[in-house]
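> this one's structure only:
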Ligand SMILES: [Zn+2]
Ligand SMILES: [Zn+2]
């Protein structure tokens, strides 16, 4: 959730209503009275399963690309527990990757990311010179994505797996290949290489959140040590002075004031 004085956005909706409300409670928050929009990155269920429900809960539109919407309709149309209803988003606003738009007082940039989904995007948000960037679910970091991560004051970045743990782990080989591919997920190593490189990453962020960690193929301590070591490799002129956080799949993080 991203909130200014006048605008509240939800980015992705991988949880159902009950779990969502439990998590608001866990960070000492009541259910938000008003949410202006739900923004979806791509159709995979860990990002989209609650979109129709959330949009209904707050009677707000969902922002997503047309191919993403089409896939969500397909995925949930035949849900035996909830036929049709899970997919039916009442108000849809189509966006294009690369498009810049505004919701309330927040300026938003969407941009394509390489992932095995129909039309996946990452998002940057700006308000009063403060920039928040959210990028998860991508196989590598293209130049364009690195550009969008510049000048972020708050960065949420996927650090999905440790390569050795993935290789030795329980996933079938074709899934391992999928995760490791250029349209899969970012490894701790790719993230570390990015964080260490002061020519591509400016380290201006006050907070870096490593997110979307695999429970099978990663470990919060392994991801943290890898990223902290990489940040420590930066020259002192470009040192990272912020805080590194590791997001968990089970418990909410925050809130953070920016
Ligand atoms: Zn995901
Ligand atoms: Zn995904």
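Yep, it's here. What you see is a predicted model, and the numbers here were worked out from it, not measured in a lab. Ligands and ions are numbered 1, 2, ... in the order given.

> Could you list the domains of this protein?
1-96, 129-258 (automatic domain parsing).

> Where among these is average confidence lowest?
Ranked by mean pLDDT, the domains of the chain end with domain 1-96 in last place, scoring a mean of 91.

> List the buried residues for stretch 61-80?
61-65, 67-69, 71-73, 75-76 (16 or more other C-beta atoms under 10 Å). Just so you know, the C-beta spots here come from the backbone N, C-alpha and C atoms, and that holds for glycine as well.

> export these to TSV and tack on secondary structure and distance to ligand 1?
Formatted as TSV, these follow (DSSP: H, G, I helix; E, B strand; the rest coil; distance: C-beta to the ion, whole Å):
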residue	secondary structure	distance to ligand 1
61	coil	22
62	strand	17
63	strand	18
64	strand	15
65	coil	16
67	helix	17
68	helix	13
69	helix	17
71	helix	14
72	helix	14
73	helix	19
75	helix	14
76	helix	16
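
> residues from the stretch 101-250 of the chain in reach of ligand 2?
Contact residues (C-beta under 5 Å from the ion) of the stretch 101-250 of the chain with ligand 2: residue 137.

> In the stretch 101-250 of the chain, which residue sits closest to ligand 2?
residue 137 (3.7 Å; C-beta to the ion).

> Need the residues that contact the helix or strand harbouring residue 25.
Assigned by DSSP states H and E, residue 25 belongs to helix 17-26. The contact list for helix 17-26 (C-beta atoms under 8 Å, 6 or more residues apart in numbering) reads 13, 15, 30-32, 50, 53-54, 57, 251-252.

> just stretch 36-45 next, same as before
With C-beta under 8 Å, 6+ apart, stretch 36-45 has contacts from 7-14, 47-48, 51, 54-55, 58, 60-64, 68, 71-72, 75, 93, 103-104, 108, 113, 115, 117-123, 134, 136-137.

> Out of these, list just those in strands.
Using DSSP state E, the subset of the contacts of stretch 36-45 located in strands is 8-11, 62-64, 93, 103, 108, 121-123, 134.

> in the helix holding residue 25, what counts as buried?
For helix 17-26, by 16+ other C-beta under 10 Å, it's 20-21, 23.

> next one: stretch 181-196
Neighbour-count burial for stretch 181-196 [16+ other C-beta under 10 Å]: 184-188, 190-192, 194-196.

> Could you measure from residue 39 over to residue 137?
Per C-beta to C-beta, to the nearest Å, residue 39 is found 14 Å from residue 137.

> Please enumerate the helices of the protein.
With helices called from DSSP state H, the chain shows them at 17-26, 45-48, 51-57, 66-77, 143-149, 163-168, 173-180, 188-196, 220-232.

> Which of those helices sits closest to residue 98?
Set against residue 98 and scored by C-beta to C-beta, the helices of the chain come closest in helix 143-149, at 8.8 Å.
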